[in-house]
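Enquirer: What follows is a predicted structure for the sequence shown.
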Amino acid sequence: MAHSILSDLEYRNWDTVRRAIQITRNGLETATQNAADKYHTSLLANWPKNVPAWESRLKNAHRSRDKKRISWSNSDNTQWLTVGASWEIAKIFMTPLGSRKLDVVNAKTTDILGLLNVLEWSPSGTNGMFNTRVDRWKIAAARRVRNNWAGAPLQHLSDADKVHAFASLTSLLQDPELNSDKDVQDAIKELSSLLNTGRQLGQDINIMSRLESPESWKWEKNSIIHRQKFIKLFKHGQEHPEEIQDIGGIRVCCSKDFLIGRGSDATRVYIGLSKDGYERAVKRFSRDDCDCLAEQEKKVLNEFNTIESNHVVKYRGFFDNKSDKDWLYLVMNLCEETLKEFIERSSPDDIKTTAQTIIQQVITGLADLHRDPKPVLHRDLKPSNILRNVNDKWLLADFGISLILTQDVSTFRSKERGTKDWKAAETCSTNDMSDDDDVRYKKKSDIQVAGMVAFYIVTQGEHPFGEEPDRHRNLLKGNPVYLDKLKKDPAAKDLISWMLSHDPKDRPSAQEALKYPYLQPKKQQFEMLCKVGNQKEIKTGDIKSDVVRQLNSDPKDWRSPMDADVLKYLSTNPLNGYTFHYEPSWTDCLRLIRNIKEHWHDRPMPQPEAFYEVGDPQEYFLNLFPNLPVEVHKIIRSCDWKERPDLEEYFS
């Protein structure tokens, strides 16, 4: 059952358990880091100073019964003998991290599953990471809490589920090996406080339900963040009914107690409640200053592209009461918070797990707006104009200065509009322009700003063009000075760099950006590699092909990180025993990937050990070569191969 239709109790419990998991993770952070530091210091003092000896001893120290599953690929063993590299040791006790392994550098950057794995699989005892073994039943119970929560919103989370989750998490933190740490003790207290707070909120809602009667207001409880405001609105409506306005059947009180957003030119947004009980957002415009903005927003929200999109805020009505000489009102579905608010309150772990989804949904919203025959230019995209609803869906909002392009028109010229720091380069006036000169707005203008927003998301609040007072100058020069902050995430860096291109012609369309590997599931990435590996020029190693030359310009031998026995197994035809010799060129790597994908399940039983070491070819190759989809995409998108019938679905 999706949480869009979960009862308010179930969703409230789900959100409370989410916070409890984060508190537990934070509590474990210092204790686990200290244990890893102590263990690593001991290794440096007592073990031989060579990597093979360490690998042998670490294999013996790992508590897994299946030593073949140790995640050696997580760790950079060239760092093992370096002071301060304790987390490179800790990472071998985690499940495979894949492309995330470069981001996991200490306990602070490790999610709760990683910390639990370190607790469970690392050695204990006098020379171990922990003095005594942390209770595995407690670890398993905490892991189930996290996995049950992650399975939501497909699960019900009753009060009993919530209480059980808190008990399991608290029990782990109270383990004798952990509870002497101050951060662990603080986490135990915070969990107790959170549980009691949740009970109090439930009591408040029960009180409100008892106040309702057939003659009173209906309320379909949905919002979590604004719930207390609705409770206050109920009470205020009973005590001061004269202060409640009826805006087209929406009850609203335009006081600061019920304010949830504000814009320029005295625009304000308040919570509202329809007479059939649905929660709404009521946007109030000044009649004198903002009537054109209000009319334009109404017009855009009534366009086919915005109505049909699942990633644009839903319009519910426009009210122009001629007897009200001061205000106009626009009514929309209520959302929980802005992207700006979400980023400011979120932990690095929250951002890591949600960044790709948010970016994908924002660009999907733009793709919907930009669809022909009447594309809409947003022109004011920024973190405060992107909203999250209660179902964790991200929606574009605020269309007061948006434009609807007429047929066959790709560029609109007008005076400079928009918000400082969130404008495309070509939409900014320059010193050599007169006040009467117009700037150019295109679909690709929205794309560059979306690139800025994407950077803001993955860096948790930074701007790609740097700090003031140099930011605007860097934008006009096409110099995103902070882009190297993404060097540990090549996929995000390449996508955002592409979207930030100075020349609009060099930027992707929204639809092309959505096809980029960073925003595609692994299945799609793997299939793209296989389809490229199936091209005639790749099969023959055609040196006249620009694509072949570019792919093979990287001198690294792709075979070197592979186990020799696995490479031999993958290169051998199981039917006739012939072993094909693959060259170190990356085109041969693509050939191998394509061949394995096509014939993996043709291999006869019983299978040798190498078969099980590979497991799922898709997971194996994408973990082994995490940047390969990015590099291949970068080359193919810049040539006419992207228009080939068997490749175009991966690029446009």
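Expert: Looks like it arrived, so ask away.

Enquirer: all strands for the stretch 301-450 of the chain, in order.
Expert: Across the stretch 301-450 of the chain, reading from the start of the chain, the strands by DSSP state E, counting those that start in this stretch fall at 315-319, 327-333, 337-338, 376-377, 386-388, 394-396, 403-404, 411-414, 439-442.

Enquirer: same question for the second one, mean pLDDT?
Expert: This points to strand 327-333. Across strand 327-333, the average pLDDT comes to 94.

Enquirer: can you pull the buried residues of stretch 602-615?
Expert: 611, 614 (16 or more other C-beta atoms under 10 Å). C-betas here are computed from N, CA, C, even on glycine.

Enquirer: Stretch 563-580 now?
Expert: By neighbour count with 16+ other C-beta under 10 Å, stretch 563-580 contains the buried residues 566, 567, 569, 570, 571.

Enquirer: Show me which of these is closest to residue 528.
Expert: Nearest to residue 528 among those is residue 570, at 19.9 Å by C-beta to C-beta.

Enquirer: if I look at that closest one, how far off is residue 73?
Expert: From residue 570 across to residue 73, the span is 17 Å (C-beta to C-beta, to the nearest Å).

Enquirer: likewise residue 276?
Expert: 56 Å.

Enquirer: Of the two, which one has the most company?
Expert: Taking residue 276 and residue 73 together and counting by other C-beta atoms under 10 Å, residue 73 has the greater number of neighbours (15 against 8).

Enquirer: For that one, which residues are in contact?
Expert: Residues touching residue 73, when contacts are defined by C-beta atoms under 8 Å, 6 or more residues apart in numbering, comprise 96, 101, 561, 623, 624.

Enquirer: Residue 562 is in contact with the last one, correct?
Expert: Yes. Contact status for residue 624 versus residue 562: in contact at 6.9 Å, counting by C-beta atoms under 8 Å.

Enquirer: Could you measure from the residue nearest to residue 646 when sequence neighbours are not counted over to residue 546?
Expert: Closest residue to residue 646 in three dimensions, ignoring its sequence neighbours and counting by C-beta to C-beta, 6 or more residues apart in numbering: residue 531, at 5.5 Å. To residue 546, residue 531 is 18 Å away according to C-beta to C-beta.

Enquirer: what about these two, which has more around it?
Expert: Taking residue 531 and residue 546 together and counting by other C-beta under 10 Å, residue 531 has the greater number of neighbours (19 against 14).

Enquirer: tell me the pLDDT at the more buried one?
Expert: We note a pLDDT of 97 for residue 531 in this prediction.

Enquirer: and it, what is it in contact with?
Expert: When the contact criterion is C-beta under 8 Å, 6+ apart, the partners of residue 531 are 594, 646, 647, 650.

Enquirer: Quick one, which of these are buried?
Expert: Using 16+ other C-beta under 10 Å as the threshold, 594, 647, 650 are the buried ones among these.

Enquirer: Among those, name the ones in strands.
Expert: Filtering the buried ones among the contacts of residue 531 for membership in strands, criterion DSSP state E, returns an empty set.

Enquirer: Out of those, list just those in helices.
Expert: The helices, defined by DSSP state H, take in residue 594 from the buried ones among the contacts of residue 531.

Enquirer: Including pLDDT, could the buried ones among the contacts of residue 531 go into JSON lines?
Expert: Shown next, in JSON lines, are these (pLDDT from 0 to 100):
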{"residue": "594", "pLDDT": "95"}
{"residue": "647", "pLDDT": "96"}
{"residue": "650", "pLDDT": "96"}
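
Enquirer: could you pull out the strands for the stretch 101-250 of the chain?
Expert: If you assign secondary structure with DSSP E, counting those that start in this stretch, the strands in the stretch 101-250 of the chain sit at 245-247, 250-252.

Enquirer: Point out the one among those strands that comes closest to residue 37.
Expert: strand 250-252 (55.8 Å).

Enquirer: So, low pLDDT: which residues of the stretch 51-200 of the chain?
Expert: Segments of the stretch 51-200 of the chain classed as low confidence (criterion: pLDDT under 70) are 99, 151-157, 197-200.

Enquirer: so residue 379 makes contact with residue 402?
Expert: Yes. Counting by C-beta under 8 Å, residue 379 does reach residue 402; the two are 5.6 Å apart.

Enquirer: hang on, the earlier thing: can you tell me which of the buried ones among the contacts of residue 531 lies nearest to residue 338?
Expert: Using C-beta to C-beta, the shortest approach to residue 338 within these belongs to residue 650, at 33.2 Å.

Enquirer: unless I'm mixing things up, that closest one is touching residue 514, no?
Expert: No. Using C-beta under 8 Å as the test, residue 650 is too far from residue 514 to be in contact (11.1 Å).

Enquirer: residues touching residue 247, list them.
Expert: Counted by C-beta under 8 Å, 6+ apart, residue 247 has contacts 272, 282, 319, 329, 331.

Enquirer: Nearest to residue 339 among the residues you listed?
Expert: Comparing these against residue 339 with C-beta to C-beta picks out residue 282 as the nearest, at 20.9 Å.
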